[in-house]
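Engineer: next input, structure requested:
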Amino acid sequence: MPMNRIQFQAGLSLSQFLELYGTEEQCEAALEHARWPDGFRCPRCGDKDHGLIYGRRHRRYQCRSCRHQTTVTAGTIMEATKLPLTKWFQAIYLVGDAKTGISSLSLKRKLGVNYRTAWLVHNKIMQAMSEREDSYVLRGKVQLDDAYLGGERNGGKAGRGSENKVPIVAAVSLDDAGHPIYVKVAKVETFSFAAIADWAQDTLARGCEVISDGLACFRAVAEVGCIHQPVIVKGRHPKDLPDFRWINTVISNLKTSFSGTFHALRFEKYADRYLGAFCYRFNRRFNLEEMTGRILRATCNCTARPERLLRSAELAT
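Structural biologist: Residues are numbered from 1 along each chain as shown. Have a look, this model is predicted:
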């Protein structure tokens, strides 16, 4: 069997990571370049001319035009952090390097911080990854399927009626050779015509060719200008359905990684964040060496997310 070039990529080794981001100064320089690749720009007026103020933990940039002061972390998910940047970079590396994801508990042990800190850092990074995924749509030939994530609570129902099961829609776009390019997985309120139409509006490009298993609600993709081709699968085994080979593989990998890594994940509250991080890693699997740098840029483009916002779903329940 020939070697799979994607699976056997070199990636960014731990020693290489430490050479690049082993000190606070290296991390601050890398963060500055990721945030302002063409040089500093004042976040208030956009002017380039600035001065530097030293003496604090992170040097401050003062715009000579409007006198506004800022730091390299201000306005990002690292805003007001008390953690060293080296810890943040280690977390970014670990989250991006784990093919099946990493739990907050495991991150706590690897970073040497308390669980609450690990949870906050983990969820802020995943929030940045998830928001980055929101800007993409699927094009061309697309395989589409439905699934449920979650499990039975103590004393609760089993199967589809379980209170902890979340309905999701998964779709994967293919190239001309039939190989997967890009995947999108999202939580939906229910498998209704209106819910799928809303999902398709944000996820599918007009004119793409959608293949589904014929679930009635999937006809809604035609409402947003897509071509729908239902394939009846009743009574047939997944291995006998080449039309759904890749979407079945994606859903299988998703369920396996979640069940093996996140043993106490509250699917009904945080599914969007975890699904977004899964898609982010999958869609950038062709260049694992750049994963840390790409997540770093995503964190720079994501505005501050205090704990109360990250837990807002929990507080609203």
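Engineer: how close does residue 23 sit to residue 99?
Structural biologist: Residue 23 sits 28 Å away from residue 99, taking Cβ to Cβ, to the nearest Å as the criterion. Glycine gets a C-beta too; all of them are placed from N, C-alpha and C.
Engineer: next one: residue 49
Structural biologist: Distance of residue 49 to residue 99, computed by Cβ to Cβ: 45 Å.
Engineer: the two - which one has more neighbours?
Structural biologist: Between residue 49 and residue 99, counted using other Cβ atoms under 10 Å, the more crowded position is residue 99 (15 against 9).
Engineer: what about the closest residue to the more buried one other than its chain neighbours, distance to residue 20?
Structural biologist: Using Cβ to Cβ, 6 or more residues apart in numbering and skipping the chain neighbours, the partner closest in space to residue 99 is residue 281 (6.8 Å). Taken as Cβ to Cβ, the spacing of residue 281 relative to residue 20 amounts to 20 Å.
Engineer: ok, those two, which is more surrounded?
Structural biologist: Neighbours around residue 281 and residue 20, counted as other Cβ under 10 Å, are more numerous at residue 281. The numbers are 20 against 16.
Engineer: angles on the backbone of the more buried one, please.
Structural biologist: Comment: the main-chain dihedrals of residue 281 come out as phi -70, psi -40, following degrees, to the nearest 10.
Engineer: now the helices: where do they sit in the chain?
Structural biologist: 14-21, 24-35, 85-97, 104-111, 115-133, 193-203, 245-261, 267-283, 291-301, 307-310, 312-316 (DSSP state H).
Engineer: thinking again about what came up before, pretty sure the residue nearest to residue 99 contacts residue 292?
Structural biologist: No: proximity of residue 281 to residue 292 does not meet the contact threshold set by Cβ atoms under 8 Å, at 11.8 Å.
Engineer: give me the common contacts of those two.
Structural biologist: Residues touching both residue 281 and residue 292 by Cβ atoms under 8 Å, 6 or more residues apart in numbering: residue 96.
Engineer: got a list of what residue 293 touches?
Structural biologist: 30, 34.
Engineer: distance of it relative to residue 262?
Structural biologist: Applying Cβ to Cβ, one obtains 26 Å for the distance of residue 293 from residue 262.
Engineer: okay, how far is it across stretch 103-120, tip to tip?
Structural biologist: Length of stretch 103-120, first residue to last, Cα to Cα, to the nearest Å: 12 Å.
Engineer: can you tell me the average pLDDT over it?
Structural biologist: Per-residue pLDDT values over stretch 103-120 give a mean of 96.
Engineer: which other residues reach it?
Structural biologist: By Cβ under 8 Å, 6+ apart, the residues outside stretch 103-120 that reach it are 83, 87, 90-91, 94-95, 121-123, 261-263, 307, 310.
Engineer: what comes up buried for that stretch?
Structural biologist: Buried residues in stretch 103-120, counting neighbours by 16 or more other Cβ atoms under 10 Å, are found at 103-104, 107-108, 111, 113, 117-120.
Engineer: so residue 212 touches residue 226, yeah?
Structural biologist: No: applying Cβ under 8 Å, one finds residue 212 not in contact with residue 226, separated by 10.4 Å.
Engineer: so between those two, which is more surrounded?
Structural biologist: Summary of the neighbour comparison: residue 212 and residue 226, criterion other Cβ under 10 Å, with residue 212 having more neighbours (25 against 20).
Engineer: that one and residue 48: what is the separation?
Structural biologist: Distance check for residue 212 against residue 48: by Cβ to Cβ, it reads 51 Å.
Engineer: what about residue 312, how many neighbours?
Structural biologist: Residue 312 has 12 neighbouring residues, counting by other Cβ under 10 Å.
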